[in-house]
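1. Predicted coordinates and the sequence they were generated for:
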Amino acid sequence: MIFVADESVDQQIVIELRKSGHQVTFVAEMEPGISDKAVLELANKQNAVLITADKDFGEIVFRQRQIITGVILIRLAGLSQENKSLVVSRMIEKHLKQLEGSFTVVSPTRIRMRKAIRF
């Protein structure tokens, strides 16, 4: 699967996903500081699922009704980078087919998936 990782994502998650064979564009490696709108446009242009730790994307997707391929919101505060990368990688492998078109929230104790509005 193709992903765009926002600069708020730990680099270890990007490394782990790439090891698993996923194509990941990491904003921190290419153009740090770009706007959320530009990050979303990049993800849509690549037909990629956006991975972020920025809660603002919930507002962008649901309140502003922006088109998305999919979003994974990481809410794993308190875990080590290694544990975060394992949790995210395992979740992606388990739910790969449901990620497209969904807004997924990953927390230490649960995963919530909600179909996002698409126009």
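-> Received the coordinates, thanks.
2. Would you map the helices across the protein?
-> In chain order, the chain shows helices spanning 11-19, 27-30, 36-45, 56-58, 81-99, with DSSP state H as the criterion.
3. Pretty sure residue 32 sits against residue 8.
-> No: Residue 32 lies out of contact with residue 8 (CB atoms under 8 Å); the separation is 10.5 Å. Bear in mind the C-beta positions are built from the backbone N, C-alpha and C, glycine included.
4. so where's this protein uncertain?
-> Counting by pLDDT under 70, the chain contains low-confidence ranges at 63, 65-67, 116-119.
5. Just the buried residues of stretch 91-103, please?
-> Using 16 or more other CB atoms under 10 Å as the test for burial, stretch 91-103 gives 91, 92, 99, 102, 103.
6. How far off centre is it?
-> A distance of 10 Å separates the C-alpha centroid of stretch 91-103 from that of its chain, computed with CA atoms, centre = their mean, to the nearest Å.
7. what does stretch 85-96 give?
-> Using CA atoms, centre = their mean, we find the averaged C-alpha position of stretch 85-96 to lie 11 Å away from the chain's own average C-alpha position.
8. what's it in contact with?
-> 1, 10, 12-13, 15-17, 20, 22, 51, 72, 74, 76, 79, 99, 104, 106, 108, 111, 113 (CB atoms under 8 Å, 6 or more residues apart in numbering).
9. from the residues you listed, which ones fall inside strands?
-> Secondary structure assignment by DSSP state E places 51, 72, 74, 104, 106, 111, 113 of the contacts of stretch 85-96 in strands.
10. Just the buried ones among the residues you listed, please.
-> For these, a neighbour count by 16+ other CB under 10 Å gives the buried set as 51, 72, 74, 104, 106, 113.
11. these two touch, right, the fourth one and residue 74?
-> The one in question is residue 104. No: with contacts defined as CB under 8 Å, residue 104 does not count as touching residue 74, sitting 9.5 Å away.
12. what sits opposite the residue positioned nearest the centre of the chain in the beta ladder?
-> When the chain is reduced to its mean C-alpha position, the nearest residue by CA atoms, centre = their mean turns out to be residue 51, at 1.3 Å. Assessed by DSSP bridges, residue 51 has beta-bridge partners residue 5, residue 72.
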